[in-house]
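Peer 1: The following comprises the amino acid sequence and a computationally predicted model.
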Amino acid sequence: MSDVEKPKCPKCGTSEYMVLEKTGKKVGTLAGTGIGAAAGYGAATGGAALGASIGSVVPVVGTVFGGILGGLLGALVGGAAGGAAGNKLGEQLDEAKGNFRCNKCGGEISG
């Protein structure tokens, strides 16, 4: 994001307080985390099965806890990966749009 040149504010004439709007980055992170968690949880059936089989060393209790742990880990890993991907995509969209806001006077520039 450092390669994005900050424009001068149309109201106060300085680029010192200009910041790139990060709406896409926020939305992308949120959407990516949700989608990734859902996909990870869906794919976690394999992790749950593996956890259950490893946990079956201690019959019943180990199988249940292994299955639960495998499912949760799948959802967490999927959510983290989806959030990171959504964050990067949103950041690219924000840079492409080029909407800036001045934190000093509130002036705005739409790219």
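Peer 2: Arrived safely.
Peer 1: and stretch 39-59, which residues are buried?
Peer 2: Buried residues in stretch 39-59, defined by neighbour count with 16 or more other C-beta atoms under 10 Å: 39-41, 44, 47-48, 51-52, 55. Yep, even glycine has a C-beta here, placed from its N, CA and C like the rest.
Peer 1: Quick one: name whatever helix or strand follows the longest helix belonging to the chain.
Peer 2: For the chain, the helix with the greatest residue count under DSSP state H is helix 61-97. Scanning forward in sequence from helix 61-97, with DSSP states H and E defining helices and strands, the next element found is strand 100-102.
Peer 1: Need the residues that contact that next one.
Peer 2: With C-beta atoms under 8 Å, 6 or more residues apart in numbering as the test, strand 100-102 has contacts from 6-7, 9, 11-12, 14, 17-21, 107-109, 111.
Peer 1: go with 10 Å
Peer 2: Outside strand 100-102, the residues that touch it by C-beta atoms under 10 Å, 6 or more residues apart in numbering are 4, 6-21, 107-111.
Peer 1: from the residues you listed, which would you call buried?
Peer 2: 9, 17-18, 20-21, 107, 109.
Peer 1: can you tell me which of the residues you listed are in strands?
Peer 2: If you go by DSSP state E, those have 18, 20, 109 in strands.
Peer 1: Show me which of those is closest to V77.
Peer 2: Checking these against V77 with C-beta to C-beta, the nearest one is L20 at 30.0 Å.
Peer 1: Isn't the closest one up against L93?
Peer 2: No: taking contact to mean C-beta atoms under 10 Å, the distance of 11.1 Å between L20 and L93 leaves them out of contact.
Peer 1: Name the spans of this protein whose pLDDT lies under the cut-off.
Peer 2: Scanning the chain with the threshold set as pLDDT under 70 gives 1-4, 47.
Peer 1: Many thanks, I have nothing further to ask.
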